[in-house]
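[1] Turn this into a structure:
(2 chains)
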Amino acid sequence: MNDDLRAEIRAAVTAILDRRGEDRTGRAWKELSEGGFHLVGVPEEAGGSGGGLGELAVVVDAAAFHAVPVPVAETAFLAGWLLARSGLSVPAGMTVASLDEARGHRQDGVLRLSGRLRVPWARHAGHVVTMARCAQENLVAVIPGDAGAELVTAENLAGEPRDLLVLDGVVAAASAAAPPGLDATALLRRGALARSVQLAAAARAVLVSARRHVTEREQFGRPLARFQAVQQHLAALAAQVTAMQVSAQAAVAAVEHEDADAAVAVAAAKAATSAGARQVAAIGHQLHGALGYSSEHHLGAVTTRLWAWREEFGNESHWHDHLAAALHDRAWWPLLTGDAR
Amino acid sequence: MTTSIHLPPHRLSAAARRLRDDVRSFLDGELAAGTFVPRCDAWMSVADPAFSRRLGARGWIGMTLPSAYGGHDRSPLERFVVTEELLAAGAPVAAHWIADRQMAPSILRHGSPSQRERYLPAIARGECYFAIGMSEPDAGSDLASVRTRARQVDGGWEITGTKVWTTGAHFAHAIVVLARTDGSPGDRHAGLSQFVVDLPAPGVEIRPIRTIDGEHHVNEVIFDAAVVAEDSLLGERGAGWRQVTAELAHERSGPERYMSTVPLLRAWAEHVRQHGDASAERELGGLTARAWTLRQMSLSVAAALAEGRPPEIAAALVKDLGSRFEADVVETVRRLAGIEPRKHGPGLEGLLAEAILHSPAFTLRGGSNEILRSVVARGLGVR
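    Take a look at the predicted model:
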């Protein structure tokens, strides 16, 4: 673990994300990708920027905290990971990942792909990476943005692109065999880890904003923070936010260290961060009063992300079921401590 | 002042994990021999001196004390592992729990050489048990308003006042008493001191307080001009508040603040495995995710304590979440297990009954949750 490196990355990314002004999103993406921050955690030999999962989590956390709509989770956490694990290189530009598996068939030496794929950020992407099933083979394949797929645009609650790509025999630009263990479940878990980090970061943003608001805003002749009811709300918020942070960070550490029980950690973290989102958003809005309900206020950008991200890559019910299934052949307490028996 | 609580995750060492295996083997052996039955809240209410002595013989009490005082020079995180294993098993640890958790560190830190000699090796052997005289009839959450007074007299101190909710005073070998030595209640935190008083003692009467479960875990302890020796003073005269606050960090930060009903949860998990339907499974998964998170938080607080980072705010926050989790476990099992709670009943029925009857205490003892939240609010700089 390199705390200094992580602090440096956080400072650099924050400097980019913090700057306001015209076309904030476009400029932020341009600067982040020029600096290679969109591919942190992807090995350099795969065309990434190097660094580990801990460093990547810092970038994703910072972007989520500032609620700037840039697809760092999709490029580095998902697409870069899929490509690097299958020995493929990340193409230049924005490469994002499909959440679904395509059907492939080989014809005249080329791989053609079909299917309806959910692809966040597809409308902006230069390339899309997808898992594909071709006869008995499990593949990872790259589709160029201009390959003739039909694009159906859609947004999540926060207005982030959640597009659909309809492929009908689109020619893959590159492909490779998926390594053992790289399957739909692994991709879902990887996405769940990314969203856990993002949920925790967004929750922290609510706390920071709420704390500032109740300190600055005066009603009945005194700051809101002077009211005990407000203090109790804020403390409950801080507790929930801290729980989300700890669970996300512990899951990142478990995956980073390839713990035998990393899958349990990710399931618990996505469940805990998704379940916590409701209370965080509710207290956040309650403490900000009507001001926070206006689209002019920053709060909505964060709370709508909490509501969107908790559903993506499995909401808490999905991961609760997953944990319960894990308990079919594991005793409860050893599962919790990550021990075999 | 801070805008969020910094609580980095901690990863246990390989040595700590090996220690866990040892503790599990020991507990498996004890369960197989039938020396105990898993109980909820056993750290508060199930005292078994013979069990405590066996733990002491294995070096699992007073673990962090220096060997010079009978301790084992272990890290607080190794102690954490032993602690959580005992709690998960619902083992009968109430006899030594308070002595091990907070009086050993407090006496090590503030005690005179003779107090250390007298108490620490006996605590580590699992033979010396403590009660804590903090709350009073008029001082519950508002601890600074204690009225018990200690007056310097020839050859010692004369203590007069009443302590309530004193856990285990009826079997403890000593009680630590928070009393006013100087000034008046209006002085609040100033002028308070701590005393270690051996029990039983002339002028000290211990009366049982029966709780709503009909059991006797807590007491009223009345000091009627009880004269104690000069060297009963613990630490510095007038520094009682500071000492108590440091002690509360130990009292509030441990895994017992989310694990009191884990024995019920484990029994229910087994029940669900055998008879469960999809809705019970999903809720079990939900409680599991929460427990996993709370355990990571508890571990982080233990690491903070071990590294000398002030854990008060984080501990308060984890206890707020953890104690509510304890009650949610009870409520979930009650709704879904398809059984009725039965006092002293077998298995799940008995565990559920005991847990329900103890549940009001979860969010009161060691500082009510409202007080804990005000500690957190102060940490956030809004109080």
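[2] Leaving out the residues flanking it, which one is nearest to the residue of the stretch 1-150 of chain B found nearest chain A?
    Chain A sits closest to residue B:9 of the stretch 1-150 of chain B, with a gap of 4.0 Å, by C-beta to the nearest C-beta. (Glycine included, C-beta is placed from N, CA and C.) Excluding its sequence neighbours, the residue lying closest to residue B:9 (C-beta to C-beta, 6 or more residues apart in numbering or on different chains) is residue A:250, at 4.0 Å.
[3] Quick check: phi and psi on that neighbour?
    In terms of degrees, to the nearest 10, the main-chain angles of residue A:250 are phi -70, psi -40.
[4] Tell me how far residue B:234 lies from residue B:111.
    6 Å (C-beta to C-beta, to the nearest Å).
[5] Show me which of those two is the more surrounded one.
    Neighbours were tallied for residue B:234 and for residue B:111 using other C-beta atoms under 10 Å in any protein chain shown; the higher tally belongs to residue B:234 (25 against 22).
[6] wait, the more buried one sits on residue B:106?
    Yes: at 7.2 Å, residue B:234 counts as touching residue B:106 under the criterion of C-beta atoms under 8 Å.
[7] which neighbours do the two share?
    Residues touching both residue B:234 and residue B:106 (C-beta atoms under 8 Å, 6 or more residues apart in numbering or on different chains) are B:176, B:243.
[8] Which parts of the stretch 51-200 of chain B are strands?
    For the stretch 51-200 of chain B, applying DSSP state E, counting those that start in this stretch gives strands covering B:130-133, B:149-153, B:156-167, B:174-180, B:192-198.
[9] For the residue nearest to residue B:9, which residues are in contact?
    Here residue A:250 is in contact with A:265, A:269, B:9, B:296 (C-beta under 8 Å, 6+ apart).
[10] One more: residue B:295?
    Residue B:295 makes contact with A:336, A:337, B:84, B:255, B:258 under the criterion C-beta under 8 Å, 6+ apart.
[11] Take the residues you listed and keep only those in helices.
    A:336, A:337, B:84, B:258 (DSSP state H).
[12] Out of those residues, which end up buried?
    Buried members of these, scored by 16 or more other C-beta atoms under 10 Å in any protein chain shown, are A:336, A:337, B:84, B:258.
[13] separation between the first one and residue A:298?
    Meaning residue A:336. 37 Å.
[14] buried residues in whichever strand in chain B runs longest?
    In chain B, taking DSSP state E as the definition, the longest strand is strand B:216-229. Using 16+ other C-beta under 10 Å as the test for burial, strand B:216-229 gives B:217, B:218, B:219, B:220, B:221, B:222, B:223, B:226, B:227, B:228.
[15] Switch these over to TSV; also include pLDDT.
    Formatted as TSV, these follow (pLDDT from 0 to 100):
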residue	pLDDT
B:217	95
B:218	96
B:219	97
B:220	98
B:221	98
B:222	98
B:223	98
B:226	97
B:227	97
B:228	96
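[16] Go through the residues you listed and name the one nearest residue B:80.
    Proximity of the buried residues of strand B:216-229 to residue B:80 (C-beta to C-beta) peaks at residue B:217, which lies at 24.6 Å.
[17] and the closest residue to chain A within the stretch 251-383 of chain B, what helix or strand is that in?
    When scored by C-beta to the nearest C-beta, the stretch 251-383 of chain B has residue B:285 as its residue closest to chain A, at 3.2 Å. Residue B:285 belongs to helix B:278-306 when assigned by DSSP states H and E.
[18] how distant is that helix from the center of its chain?
    In terms of C-alpha atoms, centre = their mean, to the nearest Å, the centre of helix B:278-306 is set 19 Å apart from its chain centre.
[19] cool, stretch A:117-124 as well?
    14 Å.
[20] ok, back up a step: farthest-apart pair in the ones in helices among the contacts of residue B:295, please.
    Spatially, the most separated pair among the ones in helices among the contacts of residue B:295 is A:337 and B:258, at 13.9 Å (C-beta to C-beta).
[21] What is the burial count for residue B:293?
    Neighbours of residue B:293 (other C-beta under 10 Å): 28.
[22] now it: how far from residue A:281?
    In terms of C-beta to C-beta, residue B:293 sits 18 Å off from residue A:281.
[23] residue with max distance from the center of chain A?
    Farthest-out residue of chain A from its mean C-alpha position, per C-alpha atoms, centre = their mean: residue A:221, at 42.3 Å.
[24] Now do that residue against residue B:374, distance only.
    Taking C-beta to C-beta as the measure, residue A:221 falls 22 Å from residue B:374.
[25] likewise residue A:196?
    The gap separating residue A:196 from residue B:374 is 30 Å, by C-beta to C-beta.
[26] higher neighbour count, those two?
    residue A:196 (34 against 20).
[27] picking up where we left off before, tell me the strands beside the longest strand of chain B, with direction?
    Next to strand B:216-229 in the sheet, as set by DSSP bridges, lie strand B:156-167 (antiparallel), strand B:204-210 (antiparallel).
[28] what does the stretch 101-250 of chain A put close to chain B?
    Neighbours of chain B within the stretch 101-250 of chain A, by C-beta under 8 Å from any C-beta of the partner chain: A:204, A:207-208, A:211, A:214-215, A:225, A:228, A:230-232, A:234-236, A:238-243, A:245-247, A:249-250.
[29] Can you select the buried ones among these for me in PyMOL?
    In PyMOL syntax, the buried subset of those is picked out as below (16+ other C-beta under 10 Å):
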select buried, chain A and resi 204+207+211+214+215+225+230+231+232+234+235+236+238+239+240+241+242+243+245+246+247+249+250
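[30] pLDDT weak spots in the chain?
    You didn't say which chain, so I picked chain A. For chain A, the stretches with pLDDT under 70 are A:1, A:341.
[31] ah, I was thinking of chain B
    Along chain B, segments meeting pLDDT under 70 span B:1-4.
[32] what are the ranges of the helices in it?
    In chain B, helices defined by DSSP H lie at B:14-32, B:42-45, B:49-57, B:76-89, B:94-98, B:104-110, B:113-124, B:240-253, B:256-259, B:262-275, B:278-306, B:312-336, B:347-362, B:369-379, listed in chain order.
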